[in-house]
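>>> Have a look; sequence and predicted model below, questions after that.
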Amino acid sequence: MSVIRSLTLAWLACFGLLSGCSDSTKESTAAQPDQPQYIANNFSLDRGVNASHWISQSDKRGEERQQYMQEHDFKRIAAMGFDHVRLPVDEEHLWDEEGNRDEQAFELLHNGVQWGLKHNLNVIVDLHVLRAHHFNRPDSQKIWTDKAAQQQFIKSWQALSAELKQYPIDRVAYEPLNEAVANNNDDWNKLINWVVAEIRKLEPNRTIIMGSNRWQQVETFAALQIPQNDPNIILSFHYYTPFNFTHYESPWTFTKDYHGPVHYPGQTIADDDLANIPAKLAEQLRGANGEFDRDIMFKHIAQAVEVANKAGLKLYCGEFGAFPTTELALRQQWYRDMISIFDEHDIAWAHWNYKNDFPLVDETLEPMPELMDILIPAK
């Protein structure tokens, strides 16, 4: 799951420059003079949810993986009022290290797309994790320095396009890579424009979702190089601010060790509370601490709004959510503020996620009204 942002993991910025830039690879970092005239495909997004930990970020295989998401889940997602599903998939689920297909994983991918379409849900196929790139692992960033890894990434999308091009362009979109974490914004701009150009050779009018470098955070949006004259691009950011609040006591982050109070709106962790915990933990928490409310959060998000408006493209928050360990009333206020920002500025969104760690359903898969009444109020 996409959870650790630059405020709290600045040490991730330790990787080299993109190396696959030779003429033979035919990379594209900008619109070319002979670029075709693309046709808007009418793909639309409004309110969605991530179908995560199924074909992505999971050790499940075989029957356990097959049973994790079923058609009834997609039917329920539609009944909850969502209009689309973001479907993360990982390279290691789809292909083994020798490049052999996992036929069951591809069957599940097709199931996810087809179940979504059957129940009037548009689908984003999101290549979430590569063997050469993981957004939360500093030891898994080879894609920025290894030409073969870059070419393998391109080949992965050529194969996915061949697999998925049968689906209507107004219903299914592609997200080439989740949360790039390059040391240099140029490295990501080169790679994303290269893969977009390769996909365009195969599917000129498929919608492509792209975000900025370093976890798709709004602070790097101005540095994103956007393909020109392509109406079928949607710009995506992720938002988990304030991190100490949205990831309070989450077991995969340093916040797991802090059990004192957190607040929203206002200063997430009070100075007095930071003074009473181990110094190293306090230092980590201070890196993401501060005053937060709706106005402050919109000042952050406005950076992405400005870029999208200038480009004339749709803006999409592909991930946001709060771990269910904070006080419910505070969490509800955070969700109200996020949804009001999205509504006011015509930002489409997908909640992270449907079930599992940031759930919108309980253990029996019944929707949680305490959150759903905020996300999608009854008409």
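Noted; the coordinates are in hand.
>>> quick one: the strands in this structure?
Listed in chain order, the strands of the chain (DSSP state E) span 47-50, 84-90, 122-129, 172-175, 208-211, 233-239, 266-267, 291-292, 314-320, 348-351.
>>> which residue sits closest to residue 224 in space, ignoring its chain neighbours?
residue 212 (4.2 Å; Cβ to Cβ, 6 or more residues apart in numbering). Quick note: C-beta positions are derived from backbone N, CA and C, even for glycine.
>>> count of residues packed around residue 354?
If you count neighbours by other Cβ atoms under 10 Å, residue 354 ends up with 27.
>>> which residues sit in contact with it?
Applying Cβ atoms under 8 Å, 6 or more residues apart in numbering, we find residue 354 in contact with 49-52, 73, 77, 360-361.
>>> which of those residues has the most neighbours?
Neighbour max across these (other Cβ under 10 Å) = residue 51, 29 neighbours.
>>> contacting residues for residue 266?
Applying Cβ under 8 Å, 6+ apart, the residues contacting residue 266 are 291-293.
>>> Kindly reformat the strands of the chain as a markdown table and extend each row with mean pLDDT and distance to residue 277.
Listed next are the strands of the chain as a markdown table, based on pLDDT from 0 to 100; distance: least, Cβ to Cβ, whole Å:
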| stretch | mean pLDDT | distance to residue 277 |
| --- | --- | --- |
| strand 47-50 | 99 | 32 |
| strand 84-90 | 99 | 34 |
| strand 122-129 | 98 | 32 |
| strand 172-175 | 99 | 38 |
| strand 208-211 | 99 | 34 |
| strand 233-239 | 99 | 26 |
| strand 266-267 | 98 | 15 |
| strand 291-292 | 98 | 20 |
| strand 314-320 | 99 | 27 |
| strand 348-351 | 99 | 31 |
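>>> Helices along the protein, start to end?
Under the criterion DSSP state H, the chain contains helices at 62-68, 71-79, 91-94, 103-118, 147-164, 185-202, 213-216, 243-246, 271-274, 279-286, 294-311, 328-344, 369-375.
>>> Could you list every helix and strand in contact with the last one?
The reference is to helix 369-375. Helices and strands touching helix 369-375, by 3 or more Cβ pairs under 8 Å, 6 or more residues apart in numbering; DSSP states H and E, are helix 328-344.
>>> Mind listing what's buried along the helix it packs on?
Neighbour-count burial for helix 328-344, counted by 16 or more other Cβ atoms under 10 Å, picks out 330-335, 337-339, 341-342.
>>> Same check on stretch 365-375?
Burial within stretch 365-375, assessed by neighbour count using 16+ other Cβ under 10 Å, is assigned to 367, 371-372, 374-375.
>>> now, which of the residues you listed sits nearest residue 317?
residue 375 (12.3 Å; Cβ to Cβ).
>>> isn't the closest one right up against residue 369?
No - between residue 375 and residue 369 there is no contact under Cβ atoms under 8 Å: 10.4 Å.
>>> how much space is there between residue 360 and residue 263?
Residue 360 is 24 Å from residue 263, where distance means Cβ to Cβ, to the nearest Å.
>>> Likewise for residue 364?
Taking Cβ to Cβ, one finds residue 364 at 32 Å from residue 263.
>>> Compare neighbour counts for those two and give me the winner.
Between residue 364 and residue 263, counted using other Cβ under 10 Å, the more crowded position is residue 263 (18 against 5).
>>> Quickly note the distance from the more buried one to residue 241.
Taken as Cβ to Cβ, the span from residue 263 to residue 241 is 14 Å.
>>> what do you get for residue 273?
19 Å.
>>> Compare the two (neighbour count), which wins?
residue 241 (23 against 17).
>>> quick one: pLDDT of the more buried one?
Residue 241 is assigned 98 on the pLDDT scale.
>>> Hmm, residue 336 and residue 370 touching each other?
No - contact criterion Cβ under 8 Å: residue 370 and residue 336 do not qualify, at 11.8 Å.
>>> Could you list the low-confidence segments of this structure?
The chain contains residues with pLDDT under 70 at 1-36.
>>> how much space between residue 248 and residue 134?
24 Å.
>>> These two: which is more packed in?
residue 248 (27 against 19).
>>> sorry, back to before: most neighbours, which of the contacts of residue 266?
Top of the contacts of residue 266 by neighbour count (other Cβ under 10 Å): residue 292, with 22 neighbours.
>>> who's it bridged to?
On the basis of DSSP bridges, residue 292 is bridged to residue 266.
>>> Roughly how far does it sit from residue 358?
18 Å.
>>> Could you find the closest non-adjacent residue to residue 173?
residue 207 is the one closest to residue 173 (Cβ to Cβ, 6+ apart), at 3.8 Å.
>>> Residue 231 too?
residue 40 (4.3 Å).
>>> pretty sure the one you found is in contact with residue 232, am I right?
Yes - under the criterion of Cβ under 8 Å, residue 40 makes contact with residue 232 at 6.5 Å.
>>> Among these two, which residue is more densely surrounded?
residue 232 (23 against 11).
>>> Return the residues in contact with that one.
With Cβ under 8 Å, 6+ apart, residue 232 has these contacts: 38, 40-41, 43, 169, 205-208.
>>> and if you look at residue 130?
90-91, 143, 149, 153, 156, 177.
>>> One more: residue 196?
Applying Cβ under 8 Å, 6+ apart, the residues near residue 196 are 28, 176, 208, 210, 227, 230, 233.
>>> try residue 56
Shown in contact with residue 56 (Cβ under 8 Å, 6+ apart): 88-90, 93, 126, 128-129.
>>> Contacts only, for the nearest residue to it once chain neighbours are set aside.
Among residues not flanking residue 56 along the chain, residue 88 sits closest, at 3.7 Å (Cβ to Cβ, 6+ apart). Residues near residue 88 by Cβ under 8 Å, 6+ apart: 50-52, 54-57, 126, 128-129, 178.
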